[in-house]
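Asker: Curious how this folds, go ahead:
(2 chains)
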Amino acid sequence: MNTDLIVAVIVSAIAYGTPLVLAGLGELLAERSGVLNLGVEGMMLMGAVTGFFVSQQLGGPGWAVLIVAMIMAAVAGALMALIHAFLSITVRVNQIVSGLALTIFAGMAGLSSYAGQVWGIGGQHGLHQLTRVDLFGLGEIPVIGPILFDQDPFVYLSWGLVVLVAWYLYRTRTGLYLRAVGESPRSADAMGINVTRYRYVHTTVGGALAGLGGAYFTLAIAPIWTDGLTAGAGWIAIALVIFAFWRPDVLLLGAYLFGALSSLGFTLQAHGVQMPSEFFSSLPYLMTVVVLAGASTTLARRRIGTPASLGVPYVREEG
Amino acid sequence: MSIHVEAGPASAESATAGLVPAVAAIGVTKRFAGGVVANDRVSFDARRGEVHALLGENGAGKTTLCNILTGLYHPDEGEIQVDGSPVRLHSPHEAQRSGIFMVHQHLSLVDSLTVAENVVLGWSRHRGLRYTPRQVEAEISEIAARYQMQVDPHARIWQLSLGERQRIDILKALYRDARILILDEPTTVLTPAETEQLFSSVHEMVAAGRSVVFISHKLPEVLAIANRITILRKGRSVTTVDAAGVDVRELARLMVGHDMPAGRVRRAAAGSGTPPADQRGVLELERVCADGDFGIQVLHDVSLSVRPGEILGIAGVAGNGQRELAEVIAGLRAHSRGAIRLDGAELHGGDPRAAINRGVAYVPEDRMGTGVSPSLSVTENLMLKSYRRDAPHAGPVLLMDRADAQSVALMEQFDIRSRGPHALVRQLSGGNVQKVVLARELSSQPRVLVAASPTRGLDVGATEYVHGVLVDSARRGVGIMLISEDLDEIVELSDRIAVLYEGRVVGIVDAAQASYEQLGMMMAGAA
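Answerer: Numbers count the residues shown, from 1 in each chain, chains lettered A, B, ... in the order given. Below you'll find the predicted structure:
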């Protein structure tokens, strides 16, 4: 293997991993508060279609259009998550059912497809696409240049968010309270922490990040809209959170590992390595199964990671 | 059980400091749905710098009173005063703002967080968004030193023993500058050495002008730590006495309403007909070892034998391997070494169905989780063990009408009160749930019954009923292993008593000859 190939694999791993980083961070925040959000896939699709639609409609300088598109994609994801929050926190519907329902509702042949059709954006070629920004002209440096300093703004944003979330979780009081809410809502409540508010806020912010992750597909990877284009990335993001032991730093590496698996087929083909593409495109999903199976056995023994109240609605017992 | 504490009651001058009590309950009444009056015009007051004990048996209303003091319940009548002015406490958080903190029996700490993180949870001395572990850790160490507590601020809660966790809960209150600390049965989870440490911390607290409300049903420790004692009986505050002016016998009389040692009948002492010692055990454990939930060995060479018609009591402080022992016998946990024999034939581990078929009945500690399936009906729960063989069926089809008829008969026999055989078990009271479990387990004609904490959380009537069922079954020749943290229960019911300490049997004594002192020492690992 030559260096070019390795760099190419890493660069495309980052490209394919970035939506996973964003959606995974969102899921991580929700799960840290004790809310399991299986609606990530649906939220990503809504983000993708909304972001693309907005970018097609608005006039003005490209960068401004794209920023507005990203914000609207986040809003779309957040609104979806708000539904999930209401159902699972206030009404205390089973979180798995609520999340699945949202993914089916918004997913392929659902709301996102409908929106794509009504807005007539299917098959349109995108007018705007996020392009790489060569930071300080350092992109020319061999190997690390293209990896670290020649990425699109989404990638830099995702790195910033990883640092921010890690700092938030471990070095702020709100982050500490968040972890307590996810671990033991009863204790948190007894300490005067508003469990409901923490869960709402983090589920909604998580949905916004999922929407942003979805928009990465239509605003950065390829500026077109097709039904169900996230192709299960939302599910991978959920597996990723478990894989990462609910830690943002590990999540970043995991996302790129999954990204590498997703893109390995194309990258190797482009470099003349012959392998059946179906094999490669099945790899991330295979990995997901392996991760979920492995995590459920080892995690049970290690008492790190899984927020203890994950998926359990909180009811304050009154005498 | 006797606990020897060097230090006497806190100094007399601190006890009388301040005429306005720090906290007072005045005529507090609390009724629950179903007409239960948990507190009936209860009054007491704790002065500044005083240890005030609330003494009473289980069900005397101590916990309800505490829940009122900490804002969990609201009194139907009467009021709570802090520093002489009435307060309305709507939540634990509000109580804390009035300076009232409770150290719970079920400690309210977050397992996966560190000590320091738990201490600043919900309230910090520092404003702003940032959480700086180092600063908090230093503050914690300082408080710990002042109150003579050993604490590692970096440790995670799940790594700590129950006694250490309690210390953290107290520390948390002190960090928030609690003025009134309520300690609810604090010594239940403590070794004698830890109890002594706790008592010296309590002395430091009252010396610093704080008040401690000390809840207990253990007479010697109440005498050792309290300045004044309020006795609760059947939801009423009977009287308040100076600790210096009473002795154990007097307190016992006030607490129970009659002289305790004479009133209690020991089954063994009453001559229930202990089977001859040479009779072979129906259940025999030989050097059984087993691992706990986290892969650490918790049972070490446990050898026990339960004879037919005998109640073997297993005493011990919670968490010394009792749950694992019960699970090993019931086939829910595989043993790693040793042998379990039923009627002389080996019972292989980790196979609950084999255990059931061989005649092991099991009343689990976790009633709602393991004992019953709460969302199924009474009939369905009664059938849970017999559906494979004895349930009325036609081919693979269960005949529910006949099953209902069977369960009605069992409900009558075991006095299970519910709306009928179709009532869901989760709608039943704790006592009736336990009766469902007992009815199911005993209707299978078992050889052996393992009962783990069978009366925990039950009211007096249900407790007596369960005791009656156990004694009856023993009389009919079932070998019974009674595992309980309630030493009174063990002593009253058992023929012999084995004491578990750190997963080992430290001794087996004849109940007729056992003394609380001796058992207490063994439970604490001191004998």
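
Asker: Give me the number of neighbouring residues for the residue nearest to B:L332 when sequence neighbours are not counted.
Answerer: What sits nearest to B:L332 in space, not counting adjacent residues and going by Cβ to Cβ, 6 or more residues apart in numbering or on different chains, is B:P352, at 5.6 Å. Any C-beta I mention is one placed from the backbone N, CA and C, and that applies to glycine too. For B:P352, the neighbour count with other Cβ atoms under 10 Å in any protein chain shown is 15.

Asker: Name all residues that make contact with B:V282.
Answerer: Residues near B:V282 by Cβ atoms under 8 Å, 6 or more residues apart in numbering or on different chains: B:306-308, B:342-343, B:447-448, B:479.

Asker: same thing but 6 Å
Answerer: By Cβ atoms under 6 Å, 6 or more residues apart in numbering or on different chains, B:V282 lies in contact with B:308, B:447-448, B:479.

Asker: From these, pick the one nearest B:T114.
Answerer: Of all the contacts of B:V282, the one with the least separation from B:T114 (Cβ to Cβ) is B:V448, at 44.2 Å.

Asker: Quick one: low-confidence residue ranges for chain B.
Answerer: Applying pLDDT under 70 to chain B flags the ranges B:1-18, B:34-35, B:58-59, B:105-107, B:256-279, B:294, B:387-389, B:524, B:526-527.

Asker: What residues does it have near chain A?
Answerer: B:73, B:92-93, B:108, B:110, B:112, B:117, B:121-122, B:129-131, B:158 (Cβ under 6 Å from any Cβ of the partner chain).

Asker: Excluding covalently adjacent residues, which one is nearest to the residue of the stretch 151-300 of chain B found nearest chain A?
Answerer: Using Cβ to the nearest Cβ, the closest approach of the stretch 151-300 of chain B to chain A is made by B:W158 at 5.4 Å. Distances taken as Cβ to Cβ, 6+ apart place B:D111 nearest to B:W158, at 4.4 Å, with adjacent residues excluded.

Asker: Emit the PyMOL select command for whichever of the residues of chain B next to chain A are buried.
Answerer: Here is the PyMOL command that selects the buried residues among the residues of chain B next to chain A (16 or more other Cβ atoms under 10 Å in any protein chain shown):
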select buried, chain B and resi 73+92+93+108+110+112+117+121+122+131
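
Asker: farthest-separated two in the residues of chain B next to chain A?
Answerer: Greatest spatial distance in those: B:Y73 and B:R130, 36.7 Å, computed using Cβ to Cβ.

Asker: who's in contact with the closest residue in space to A:T218 that isn't next to it in sequence?
Answerer: Distance criterion Cβ to Cβ, 6+ apart; nearest residue to A:T218, sequence neighbours excluded, is A:F52 at 3.8 Å. By Cβ under 6 Å, 6+ apart, the contact list for A:F52 reads A:121, A:218, A:225.

Asker: Go ahead and confirm the last one touches A:G120.
Answerer: Spelled out, that is A:W225. No: look at A:W225 against A:G120 with Cβ atoms under 6 Å: they stay out of range, at 10.1 Å.

Asker: between these two, who's got more neighbours?
Answerer: Set A:W225 next to A:G120 and count neighbours by other Cβ under 10 Å: A:W225 wins out with 25 against 10.

Asker: That one sits in which helix or strand?
Answerer: Per DSSP states H and E: A:W225 is located in neither a helix nor a strand.

Asker: Please name the residues that touch it.
Answerer: Applying Cβ under 6 Å, 6+ apart, the residues near A:W225 are A:49, A:52, A:116, A:121-122, A:218.

Asker: out of the contacts of B:V282, which one sits closest to B:A326?
Answerer: Nearest to B:A326 among the contacts of B:V282, with distances taken as Cβ to Cβ, is B:V448, at 11.4 Å.

Asker: Could you pull out the strands in the stretch 251-400 of chain B for me?
Answerer: Secondary structure of the stretch 251-400 of chain B (DSSP state E, counting those that start in this stretch): strands at B:283-291, B:297-306, B:311-315, B:337-342, B:345-346, B:360-363, B:393-394, B:397-398.

Asker: actually chain A, not the one I wrote
Answerer: Along chain A, the stretches classed as strands by DSSP state E are A:133-134, A:150-151.

Asker: from these, which stretch is densest packed?
Answerer: Greatest average neighbour count among the strands of chain A goes to strand A:150-151 (a mean of 22), per mean count of other Cβ atoms under 10 Å in any protein chain shown.

Asker: centre of the chain versus it, how much separation?
Answerer: Mean-position distance between strand A:150-151 and its chain equals 20 Å (Cα atoms, centre = their mean, to the nearest Å).

Asker: what sits up against that strand?
Answerer: Here strand A:150-151 makes contact (Cβ under 6 Å, 6+ apart) with A:132, A:134, A:139.

Asker: what does stretch A:182-198 give?
Answerer: Contacts of stretch A:182-198 (Cβ under 6 Å, 6+ apart): A:32-34, A:89, A:177-178, A:180-181, A:307-309, A:314, B:92-93, B:108, B:110, B:112, B:121-122.

Asker: That stretch: which residues count as buried?
Answerer: Under 16+ other Cβ under 10 Å, the buried positions of stretch A:182-198 are A:182-193, A:195, A:198.

Asker: So which of the residues you listed is the closest to B:V408?
Answerer: Relative to B:V408, the closest of the buried residues of stretch A:182-198 is A:R186; by Cβ to Cβ it sits at 38.7 Å.

Asker: mind checking the end-to-end distance for stretch B:449-456?
Answerer: Using Cα to Cα, to the nearest Å, one end of stretch B:449-456 lies 17 Å from the other.

Asker: brain fart, stretch B:404-424
Answerer: First-to-last residue span, stretch B:404-424, Cα to Cα: 13 Å.

Asker: what's next to that stretch, contact-wise?
Answerer: If you take Cβ under 6 Å, 6+ apart as the criterion, stretch B:404-424 is touched by B:377-379, B:382, B:428, B:432, B:435-436, B:439, B:443.

Asker: Of these, which pair is most distant in space?
Answerer: Among the contacts of stretch B:404-424, B:L428 and B:S443 lie farthest apart (Cβ to Cβ), at 17.4 Å.

Asker: how long is stretch B:497-507 end to end?
Answerer: Per Cα to Cα, the first residue of stretch B:497-507 is 8 Å away from its last.

Asker: Buried residues, it. List them.
Answerer: Going by neighbour count (16+ other Cβ under 10 Å), the buried part of stretch B:497-507 is B:497-501, B:503-507.

Asker: Please tell me how far that stretch is from the chain's geometric centre.
Answerer: Distance, stretch centre to chain centre, for stretch B:497-507: 18 Å (Cα atoms, centre = their mean).

Asker: Look up how far B:D40 lies from the closest residue in space to B:G350 that isn't next to it in sequence.
Answerer: Once flanking residues are discounted, B:G350 sits nearest to B:A334: 3.3 Å by Cβ to Cβ, 6+ apart. Note on B:A334: its distance to B:D40, by Cβ to Cβ, to the nearest Å, is 50 Å.

Asker: Neighbour count: these two, which is higher?
Answerer: Shown here are B:A334 and B:D40; by other Cβ under 10 Å, B:D40 has more neighbours (18 against 13).

Asker: quick one: secondary structure of that one?
Answerer: Reduced to three states with DSSP: H, G, I helix; E, B strand; the rest coil, the structure at B:D40 is strand.

Asker: so it makes contact with B:G235?
Answerer: Yes: between B:D40 and B:G235 there is a contact under Cβ under 6 Å: 4.4 Å.

Asker: Identify the contacts common to those two.
Answerer: With Cβ under 6 Å, 6+ apart as the test, B:D40 and B:G235 reach no residue in common.

Asker: how many neighbours does residue 199 have?
Answerer: With no chain named, the answer covers chain A. Neighbourhood size, A:R199 [other Cβ under 10 Å]: 26.

Asker: looking at chain B here, not the other one
Answerer: Other residues lying near B:F199 total 23 when counted by other Cβ under 10 Å.
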